[in-house]
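A.B. asks: Mind folding the following:
(chains A and B, ligands or ions: 4)
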Amino acid sequence: MSCACKNPFNHDIATENTPMVNVQIDGEWVQVPKGMNIVAAAERFSKFIPHYCYHPKLSVVGNCRMCLIEMGTPKMDANRQPILAADGKPEIAWMPRPQIGCATQVSEGMGIRTESPLVQECRKGVMEFLLINHPLDCPICDQAGECKLQEYSFEHGQSNSRFIEEKVTKPKNVDIGERIVLDDERCIMCSRCIRFSKEFANDDVLGFTQRGSHTTLAVYPGKRLDNNYSLNTVDICPVGALTSKDFRFKMRVWFLKETKSICTGCATGCNVLVGSRENEVHRLTPRENEEVNSLWMCDQGRLGFHEIHEDNRLTTPLINGIKSDWSSALTQIAQQLHGFKPEQIAIIASARMTNEELFLLSGLRKALGGEAVLCDVIERLGQADGILRSADLNPNSNGAKLLGIANPGKLNEIRSGVSNGSIQALLIFNENANEAGLSIESLKKTALVINVGMRLNGAAHFNLPSSSFAEKRGTMINGKGRLQRLNRAIAAPDQARDDWEIIRDLKAAMGGGNGIHTVEEAFKAMAAVIPAFKDLTMSKVGDLGVELTLSSVQS
Amino acid sequence: MSCEFKISQEFEKKVDETITHYPVSKRSASLPLLHLWQEEFGYVSNQGVEWIAAKLDLQPINVFELVTFYPMFRDKLAGKIQFRVCRTLSCALAGGYELFDHLKKSCQIEGDGHHGPAVSADGKYSIEFVECLASCGTGPVLMINDDFHENVSNDKANELVKKYG
Ligand code: SF4
Ligand code: SF4
Ligand code: FES
Ligand code: FES
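C.D. replies: Ligands and ions are numbered 1, 2, ... in the order given. Predicted structure coming up:
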């Protein structure tokens, strides 16, 4: 398996053709890829070796000693041949001292003990040392509930402390970056954050100063941890030393419901967990997918969810600015749309919509007159950073192309049509008309403007409230042609509805029902006619997505 | 405290030459360069850290870690006359701490000197604790600038202060 994202290391993934070796783990002989470190190798057999400094995607430094295990190598005879025991397996000469698993690579005939009394004793000892100077912050620490120090204390710690001296105190509440706060007393000096910044984010600004009993994690004076990946350090910090300004003190993590979804901040489509409580999203965290984002996501994408909860959400259908209800709005829209010729109608859709929405929209376009109805999406270009972020800031440009909604060049025609009056009815889906280059004045001249979205369009005759990415289900195709799933984490506010339902009902109101009642059925109807989706269902897309053969849409 | 040091051509030549001693990894020249800088300018300022980092294709934090770790590097100016008192076990038993306090008092040095030098107000003297100076049988041991003094009683200390002052 190859990783799509450029990790400095992939200790947990063996390259193809790596030969397998026989090793004995806790008494059982198993096969593991040669050269893999013991922590990663043991994990393949559900043996969890506790660790702090080791991270599968970063260089190995072996400084925390939490991963101590017992190991041995085959006993050799005079001819350097392994001496075999009665069961035909090599006899193992155990080393008298424990070794660190993270920096030890497996070799033929190796013996590993991950649970022996000595190993347990080691873990206890390491934990005792780590806790000597650790502050008793757990009740107010953001990491509580997902803290490795807590977890391993629970499993390997002692309930009483033998430490009677004064704890070392260090800087607390240190502002080290635009989005990051550091508490040096909580730091266990694993150096994961230092290695991440240097090796993954190419931003070597963190280091340990005053090494010794006052070792202090610090940024170089005058520099800041401000890179667009800085919040990943909060994820990989095993304790609560690095916290996110955006999330700290807002929510206890154990109250969060985690919904598997994807980030819609750009065409990369990083896999995420949406952490929500009741109807509020509190954070996004990256979810492992080696084919897309590995274990990471960018800060911009991570914090992009706030627009969901900004005050100016559109929550009820409005007719000419006045609160109305769905059925009146839809009936009136249908009536009015019947009065226009196809050439007079245009659709501005969004490459931030799901495939299901775009597919139903193409059906609506057909009902309105087909190809004669101009239709396009708004491109959004940014800068690719060579790490994760794509230059395409729309998450589903490939879907919009595949489903015939993106028609390059047509947006210009729509713009001139609106300004010269040849277009008289305009449907805007999840886009800001201003961003499309349409002035309020030109919209005001247009006989019928329908805006479907999360925000009000002041010039629209009809405003229909729709859902954010966290409030709906559906699929998108990322820039590399991978079909991935969005899942609903929270309910849409008030009367806001799923976009696919709005589009379906608009079409039904125009006089053509289609028997689609769920988003799965929308997908099914789409898969029946779009060859790229042949034989797929939403459940087959799974949590990690599937690669499509997209020769027709790949640019 | 943060004045800009002017880097002479001669100094830079010396630095460049030193770097050639480490053909495998320039980074290994970090410590020698820090010593050169401190000899030349008296202490290692951030300017020094950044200049050395740039010379070695490192980031400033990589050099800063070293400056804050090794007690022999200072990030501010020490006194003209520098006392270094051993505080490791043998000297501690032989009266290193008493010697330290005595010197502080007689040279009017405020500050504790436990982490980096404490400097007298006039900038003339500075004092700091150091670890074992490898003459444990003849404690308390004291270094004044680069000179080594053994069996330093308070009286002997007074004489030495006079001599150096
Ligand atoms: S801040 Fe966290 S990640 Fe960084 S060294 Fe400390 S414990 Fe490790
Ligand atoms: S790289 Fe793109 S998809 Fe990934 S987190 Fe950032 S904005 Fe979201
Ligand atoms: S995980 Fe192996 S030493 Fe830290
Ligand atoms: S203890 Fe002072 S010189 Fe060794």
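A.B. asks: ok, now how distant is the spatially most central residue of chain B from B:Met143?
C.D. replies: Centroid check for chain B by C-alpha atoms, centre = their mean gives B:Met72 as the closest residue, at 4.0 Å. Distance from B:Met72 to B:Met143, counting by C-beta to C-beta, to the nearest Å: 11 Å. All C-beta atoms are positioned from the backbone trio N, CA, C, and that covers glycine.
A.B. asks: what sits up against the host helix or strand of A:Ser539?
C.D. replies: Per DSSP states H and E: A:Ser539 is located in helix A:538-541. Helix A:538-541 is contacted from outside by A:473, A:475, A:483-485, A:519-520, A:523, A:546, using C-beta atoms under 8 Å, 6 or more residues apart in numbering or on different chains.
A.B. asks: tell me which of those is nearest to ligand 2?
C.D. replies: A:Gln484 (10.2 Å; C-beta to the nearest ligand atom).
A.B. asks: pLDDT value on B:Ser2, please?
C.D. replies: B:Ser2 carries a pLDDT value of 50.
A.B. asks: same thing with A:Ala391?
C.D. replies: On the pLDDT scale, A:Ala391 gets 97.
A.B. asks: quick one, phi/psi of B:Ala118?
C.D. replies: Backbone torsions of B:Ala118, given as degrees, to the nearest 10, read phi -100, psi 140.
A.B. asks: and it, how many neighbours?
C.D. replies: 20 (other C-beta atoms under 10 Å in any protein chain shown).
A.B. asks: A:Ser244 too?
C.D. replies: Residues near A:Ser244, counting by other C-beta under 10 Å, number 21.
A.B. asks: So what pairs up with it in the strands?
C.D. replies: A:Ile180 (DSSP bridges).
A.B. asks: Give me the subset of the contacts of helix A:538-541 that lies in strands.
C.D. replies: A:475, A:483-485, A:546 (DSSP state E).
A.B. asks: Relative to ligand 4, which of those residues is nearest.
C.D. replies: Nearest to ligand 4 among these, with distances taken as C-beta to the nearest ligand atom, is A:Gln484, at 65.3 Å.
A.B. asks: Any idea how many residues pack against the closest one?
C.D. replies: By the criterion of other C-beta under 10 Å, A:Gln484 has 26 neighbours.
A.B. asks: ditto for B:Phe11
C.D. replies: With other C-beta under 10 Å as criterion, B:Phe11 counts 16.
A.B. asks: In contact with the residue of chain A most remote from its centre: list those residues for me.
C.D. replies: Ranked by distance from the centre of chain A (C-alpha atoms, centre = their mean), the top residue is A:Ala78, with 55.6 Å. Taking C-beta under 8 Å, 6+ apart, we find A:Ala78 in contact with no residue.
A.B. asks: Looking at it now. What's its pLDDT?
C.D. replies: 94.
A.B. asks: Look up phi and psi at it.
C.D. replies: Dihedral angles for A:Ala78 - degrees, to the nearest 10 - are phi -60, psi -20.
A.B. asks: and if you look at A:Pro286?
C.D. replies: In terms of degrees, to the nearest 10, the main-chain angles of A:Pro286 are phi -70, psi 150.
A.B. asks: residue contacts, it?
C.D. replies: A:232, A:235, A:270-273, A:293, A:295-297, A:302.
A.B. asks: With A:Val292 as the reference, measure out to it.
C.D. replies: On the measure of C-beta to C-beta, A:Pro286 and A:Val292 end up 10 Å apart.
A.B. asks: Please enumerate the shared neighbours of those two.
C.D. replies: Common contact partners of A:Pro286 and A:Val292 (C-beta under 8 Å, 6+ apart): A:270-271.
A.B. asks: Contacts for the host helix or strand of A:Leu330 next, please.
C.D. replies: According to DSSP H and E, A:Leu330 maps onto helix A:326-337. Contact with helix A:326-337 is made by A:317-319, A:345, A:368, A:425, A:448, A:450, A:462, A:464, A:495, A:497, A:505-506, A:509-511, as judged by C-beta under 8 Å, 6+ apart.
A.B. asks: Out of those residues, name the ones that lie in helices.
C.D. replies: Among the contacts of helix A:326-337, the members falling in helices (DSSP state H) are A:368, A:505-506, A:509.
A.B. asks: out of those residues, who's nearest A:Asp226?
C.D. replies: Nearest to A:Asp226 out of the ones in helices among the contacts of helix A:326-337 is A:Leu506 (C-beta to C-beta; 44.8 Å).
A.B. asks: okay, and for chain B, where does confidence drop off?
C.D. replies: The model of chain B has pLDDT under 70 over residues B:1-3.
A.B. asks: What segments of it are helices?
C.D. replies: Going by DSSP H, chain B shows helices at B:9-19, B:30-41, B:46-55, B:60-69, B:89-94, B:96-106, B:154-164.
A.B. asks: Could you dump the ones you listed into CSV with distance to chain A added?
C.D. replies: Listed next are those as CSV, based on distance: least, C-beta to the nearest C-beta, whole Å:
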stretch, distance to chain A
helix B:9-19, 20
helix B:30-41, 13
helix B:46-55, 6
helix B:60-69, 4
helix B:89-94, 17
helix B:96-106, 19
helix B:154-164, 28
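A.B. asks: hang on, the earlier thing: ok, of the contacts of helix A:538-541, which one's closest to ligand 3?
C.D. replies: Using C-beta to the nearest ligand atom, those come closest to ligand 3 at A:Gln484, 32.3 Å.
A.B. asks: those helices in the stretch 151-300 of chain A, which residues are they?
C.D. replies: Using DSSP state H, counting those that start in this stretch, the helices of the stretch 151-300 of chain A run over residues A:192-195, A:231-236, A:299-303.
A.B. asks: Would you mind giving these as a markdown table with mean neighbour count, mean pLDDT and distance to chain B added?
C.D. replies: Shown next, in a markdown table, are the helices of the stretch 151-300 of chain A (neighbours: other C-beta atoms under 10 Å in any protein chain shown; pLDDT from 0 to 100; distance: least, C-beta to the nearest C-beta, whole Å):
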| stretch | mean neighbour count | mean pLDDT | distance to chain B |
| --- | --- | --- | --- |
| helix A:192-195 | 23 | 98 | 8 |
| helix A:231-236 | 24 | 98 | 14 |
| helix A:299-303 | 22 | 98 | 21 |
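A.B. asks: Throw those helices into CSV and include distance to B:Gly123, thanks.
C.D. replies: Shown next, in CSV, are those (distance: least, C-beta to C-beta, whole Å):
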stretch, distance to B:Gly123
helix A:192-195, 37
helix A:231-236, 42
helix A:299-303, 47
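A.B. asks: Show me the one of the ones you listed that comes nearest ligand 3.
C.D. replies: Closest approach to ligand 3 among the helices of the stretch 151-300 of chain A is made by helix A:192-195 (9.5 Å; C-beta to the nearest ligand atom).
A.B. asks: So which elements touch that closest one?
C.D. replies: The helices and strands touching helix A:192-195, judged by 3 or more C-beta pairs under 8 Å, 6 or more residues apart in numbering or on different chains; DSSP states H and E, are strand A:206-209, helix A:231-236.
A.B. asks: Ok, which of those comes nearest A:Ala400?
C.D. replies: Checked against C-beta to C-beta, the stretch from these lying closest is helix A:231-236, at 29.1 Å.
A.B. asks: what about the closest one, distance to the chain center?
C.D. replies: How far helix A:231-236 lies from its chain's middle: 13 Å, per C-alpha atoms, centre = their mean, to the nearest Å.
A.B. asks: List the buried residues in stretch A:201-216.
C.D. replies: Residues of stretch A:201-216 classed as buried by neighbour count (16 or more other C-beta atoms under 10 Å in any protein chain shown): A:201, A:203-209, A:215-216.
A.B. asks: what comes into contact with it?
C.D. replies: By C-beta under 8 Å, 6+ apart, the surrounding residues in contact with stretch A:201-216 are A:168, A:170-171, A:176, A:184, A:187, A:189, A:191, A:193-194, A:197-198, A:217-220, A:223-225, A:227-230, A:232-233, A:387, B:59, B:61-62, B:64-65, B:68-69, B:115.
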